[in-house]
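Asker: give me coordinates for this.
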Amino acid sequence: MWETIRGYLTFTRKERYGVLFLLIIISILFVLPYFFKPSVGDPDPVAYKKMKEGIRKFETGSTDSSLEAVRHERYQDRKTYSMAANPAKADGDSHAEMFYFDPNKIQSADWLRLGLTERLTQTILHYTEKGGRFQKAEDLKKLYGLNQTEYKRLFPYIRIAKSSVEFKTRSGYSAKSAYNFATAKKTDSFFRESPLNAEPGFERTAKKFVITDINLADSIGWSRLPGIGAKLASRITHFREKLGGFYHMDQVGETFGLPDSTFQKIKPFLRLNAVSLNQIDLNSATREVLQSHPYIRWQIAKAIIDYRAQHGTFQSVDELLQLAQMDAVKFEKLKPYLTANH
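Answerer: Numbers count the residues shown, from 1 in each chain. Here you go, the predicted model:
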């Protein structure tokens, strides 16, 4: 045993020579780069002198470095591009046309006349198109990309009209702002005021929700309620069809995916004027028809079919209470949708 292991751990004379030769080659290759380092040569006197001069100017705070930066080719290209993008700035805003304006109303061409860049103009228009509104002149300086100089230039010309806005408070009472749009005023400067003319279509009113009959409303009617989108509206109408109609207001809240918070929000707008339910005949309905009803599971459907096979037709709906799968709560919930015709 030991001899066998020893045979794997020993080397012959040729193998020892081979290992030694390989180690010598590896050592030579490892040391060789140190004897053949590339010569970097002497430093360029002109470049070295320029570097020292630059360091001296930086340390002494000389303005020459700033002037060189201004004259730099890349800086000049950037300045030329900025001038081309905004001609008003290229000549000290001499091409900018100043006039009184409402930032909530003016269009792209008006912003360009005021000397703003196309990019900043698109940012402002995107903000207003999404429903954003400038409530006061100071809101303009919050815009990304508008520097302090441009803001001070535009500020004296800003005229923001305040409309009469009707809204709902959290308590449900209606409130109305104290401003009259026709006589609204905005200060031209710190010393005088000028009235603003009313423009039609500026007033905003709160969205009014119509009263909905839960058995008559279609998907469009449901989607007009707060918090109800097209998907939830479709689910409610589908659930009502499978049930065969609603006989109680709280059944709407059983719709799959309808949060209770949303149901409580729309409940004041719901009405149940007339109840007309589609009833299932216990004596003629197939198992598929029975178990398709949301209140009848497949166990109850099977029990009804088995009961009919053993006892014949149902004499009344109350006989369902004899089924083991039926309790009083389930029965009272399901009873309005069942009938027993002979």
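
Asker: what sits against residue 340?
Answerer: 281-283, 313-317, 319 (C-beta atoms under 8 Å, 6 or more residues apart in numbering). (Glycine included, C-beta is placed from N, CA and C.)

Asker: in the stretch 101-250 of the chain, where is pLDDT below threshold?
Answerer: Scanning the stretch 101-250 of the chain for pLDDT under 70 picks out 162-208.

Asker: give me the number of neighbouring residues for the closest residue to residue 223 other than its chain neighbours.
Answerer: Among residues not flanking residue 223 along the chain, residue 233 sits closest, at 4.2 Å (C-beta to C-beta, 6 or more residues apart in numbering). By the measure other C-beta atoms under 10 Å, the count of residues near residue 233 is 20.

Asker: show me what whichever strand or helix holds residue 233 packs onto, helices and strands only.
Answerer: Here residue 233 sits within helix 230-243, counting by DSSP states H and E. Helices and strands touching helix 230-243, by 3 or more C-beta pairs under 8 Å, 6 or more residues apart in numbering; DSSP states H and E, are helix 219-223.

Asker: and the helix it packs on, what's buried?
Answerer: Neighbour counts over helix 219-223 (16 or more other C-beta atoms under 10 Å) mark 219, 221-223 as buried.

Asker: repeat for stretch 147-156
Answerer: 150-151, 153-154.

Asker: pick out the most distant pair among these.
Answerer: 151 and 153 (7.2 Å; C-beta to C-beta).

Asker: follow-up on the earlier one: list just the nearest of the buried residues of helix 219-223 to residue 336.
Answerer: Nearest member of those to residue 336, counting by C-beta to C-beta, is residue 222, at 22.2 Å.

Asker: and the chain, what are its domains?
Answerer: 90-195, 212-271, 280-339 (automatic domain parsing).

Asker: let me have the ones you listed in a markdown table, extended by distance to residue 46.
Answerer: A markdown table is the format used below for those (distance: least, C-beta to C-beta, whole Å):
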| stretch | distance to residue 46 |
| --- | --- |
| domain 90-195 | 37 |
| domain 212-271 | 73 |
| domain 280-339 | 91 |
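
Asker: which of those sits closest to residue 18?
Answerer: domain 90-195 (72.2 Å).

Asker: measure the nearest residue to residue 277 once chain neighbours are set aside to residue 337 for me?
Answerer: Nearest non-adjacent residue to residue 277, counting by C-beta to C-beta, 6+ apart: residue 245, 4.4 Å away. Remark: distance between residue 245 and residue 337 (C-beta to C-beta, to the nearest Å) = 8 Å.

Asker: what residues are shared contacts of those two?
Answerer: What both residue 245 and residue 337 touch, as defined by C-beta under 8 Å, 6+ apart, is the set 277-278.

Asker: for residue 336, phi and psi?
Answerer: For residue 336, the backbone dihedrals (degrees, to the nearest 10) come out as phi -60, psi -20.

Asker: do you know the pLDDT at it?
Answerer: Per-residue pLDDT puts residue 336 at 94.
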